[in-house]
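S.K.: A predicted structure for the sequence below; I have some questions about it.
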Amino acid sequence: AMNEYWRDVAVHNAAAATGAGAGAGAGDGPFVSQYFGLATSSFASAVIALAVLDLPFTAEAPASEDVDQITRRLTAGDSAFILFHSKMADVAAPTRSSVLVVQ
């Protein structure tokens with residue numbers, strides 16, 4: 001589906017083809033978009049979206065700093081990166097479980 005990510009790709013490629021950079025991300029450097037997450041509705045779409053990003057194959061690790069007990073700040077060096085966040089919570093184990101065995 002068309003969204004802001006693919007609009008950013010089109011604007012970047014059109015500006016690069018004409019040589020008319022119209023600001024950050026418009027053909028005047030590597031392509032990155034803050035809307036990458038919108039292009040991940042399926043595996044195929046996510047892989048294609050990832051393929052057109054100009055991310056480095058190797059890069060220095062971002063600087064990490066704990067701001068407080070629940071906040072961490074990451075600062076990129078000279079290269080862009082993608083950050084995925086997952087929140088996990090502790091859950092109590094079931095006190096009783098049953099196993100169904102069938103022959």
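M.R.: That came through, no problem. Just so you know, these numbers come straight off a predicted model, no measurement behind them. Residues are numbered from 1 along each chain as shown.
S.K.: Where does pLDDT dip in this protein?
M.R.: By pLDDT under 70, the weakly predicted segments of the chain are 20-28.
S.K.: at 90 what do you get?
M.R.: Low-confidence segments of the chain (pLDDT under 90): 1-2, 13-34, 36-37, 39-41, 46, 50, 52-65, 69-103.
S.K.: where exactly do the helices run in the protein?
M.R.: 4-18, 43-52 (DSSP state H).
S.K.: Check the offset of the last one from the chain's centre.
M.R.: Between the mean C-alpha location of helix 43-52 and the chain-wide mean there is a distance of 11 Å, by CA atoms, centre = their mean, to the nearest Å.
S.K.: Compute the inter-axis angle for it and helix 4-18.
M.R.: 40 degrees (axes from the mean of the first three to the mean of the last three CA atoms, to 10 degrees).
S.K.: Show me which positions of helix 43-52 end up buried.
M.R.: Using 16 or more other CB atoms under 10 Å as the burial criterion, the residues of helix 43-52 that qualify are 45, 49, 52. Every residue, glycine included, has its C-beta placed from N, CA and C.
S.K.: Kindly present those as JSON lines, with separate columns for distance to A76.
M.R.: Below are those laid out as JSON lines (distance: CB to CB, whole Å):
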{"residue": "S45", "distance to A76": "25"}
{"residue": "A49", "distance to A76": "20"}
{"residue": "V52", "distance to A76": "20"}
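S.K.: Strands of this protein, residue ranges please.
M.R.: Here the chain has its strands, by DSSP state E, at 63-66, 72-75.
S.K.: Which of those sits closest to G29?
M.R.: G29 sits nearest to strand 72-75 of all the strands of the chain, at 19.6 Å, using CB to CB.
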